[in-house]
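Asks: Provided below for reference: sequence and predicted model.
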Amino acid sequence: MVEDEAIYLESNGDLNNDDYEYEDEAKLVIFPDHYEIPLPNIEELPALVTIACDAVLSSKSPYRKQDPESWEEEPQVSKHANSLVQMDNGVRIPPSGWKCSKCDLRENLWLNLTDGSVLCGKWFFDGCGGNGHALEHYKEMGFPLAVKLGTITPDGAG
């Protein structure tokens, strides 16, 4: 049995708890020879390379644990919330099975709170996301509030 499998089995599959210790190890790897230089290493590297490596190492990463204090920021209420008009246009939003009304995408969907339109979000540089139909709708209609579908539940917003 591989050590990682043993850890997984001992934790009953819950890898989100805080019972694990880990170490970060950073190296600058030069290809094609796969030459590795442990970081930080200011003695052997030119200053610009050291600065670039430091910038990468100190940048925010989705793979690192987030600081719980960063979650404590109070959400801001939109200036449009108190005067929001919801159209009585007969639109009913089902609890699931949503798709963009313009392109049939089923992910990254936004519900416009004025007219009930379900449209896809913007396209991201890595090719994921949507076709930007929610933003186009806002620019065309001027309805200012939308929520990402799936982020609001009976237990709160996420």
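Replies: Noted; the coordinates are in hand. Numbering: from 1, shown residues only.

Asks: pretty sure Ala81 is touching Leu145, no?
Replies: Yes. Using CB atoms under 8 Å, Ala81 is in contact with Leu145, at 6.8 Å. To be clear about C-beta, it is placed using only N, CA and C from the backbone, and glycine gets the same treatment.

Asks: Name the residue in these two with the higher neighbour count.
Replies: It is Leu145, of Ala81 and Leu145, that has more neighbours when counted by other CB atoms under 10 Å, with 14 against 11.

Asks: list the contacts for the residue nearest to the more buried one when sequence neighbours are not counted?
Replies: With CB to CB, 6 or more residues apart in numbering as the criterion, Leu145 has its nearest non-adjacent residue at 4.4 Å, and that residue is Leu113. Counting by CB atoms under 8 Å, 6 or more residues apart in numbering, Leu113 touches 84, 86, 143, 145-147.

Asks: burial measure for Val91, as a count.
Replies: For Val91, the neighbour count with other CB under 10 Å is 13.

Asks: sorry, that was for Trp123
Replies: Number of residues near Trp123 (other CB under 10 Å) recorded here: 13.

Asks: List the backbone torsions phi and psi for it.
Replies: For Trp123, the backbone dihedrals (degrees, to the nearest 10) come out as phi -80, psi 140.

Asks: Do I have it right that it meets Gly130?
Replies: Yes. Here Trp123 lies in contact with Gly130, judged by CB under 8 Å, at a distance of 6.2 Å.

Asks: can you pull the buried residues of the helix or strand hosting Glu136?
Replies: If you go by DSSP states H and E, Glu136 is part of helix 133-141. The neighbour-count check on helix 133-141 (16 or more other CB atoms under 10 Å) flags 133-135, 137-138 as buried.

Asks: With stretch 141-153 instead?
Replies: 143, 146, 149.

Asks: Write down the beta-bridge partners of the second one, one by one.
Replies: Note on Ala146: beta-bridge partners by DSSP bridges are Asn112.

Asks: For it, give its distance to Glu43.
Replies: Ala146 sits 53 Å away from Glu43, taking CB to CB, to the nearest Å as the criterion.

Asks: ok, back up a step: how about a markdown table for the buried residues of helix 133-141, with distance to Gln76 and pLDDT added?
Replies: Output for those, formatted as a markdown table (distance: CB to CB, whole Å; pLDDT from 0 to 100):
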| residue | distance to Gln76 | pLDDT |
| --- | --- | --- |
| His133 | 26 | 93 |
| Ala134 | 20 | 93 |
| Leu135 | 20 | 92 |
| His137 | 23 | 94 |
| Tyr138 | 19 | 93 |
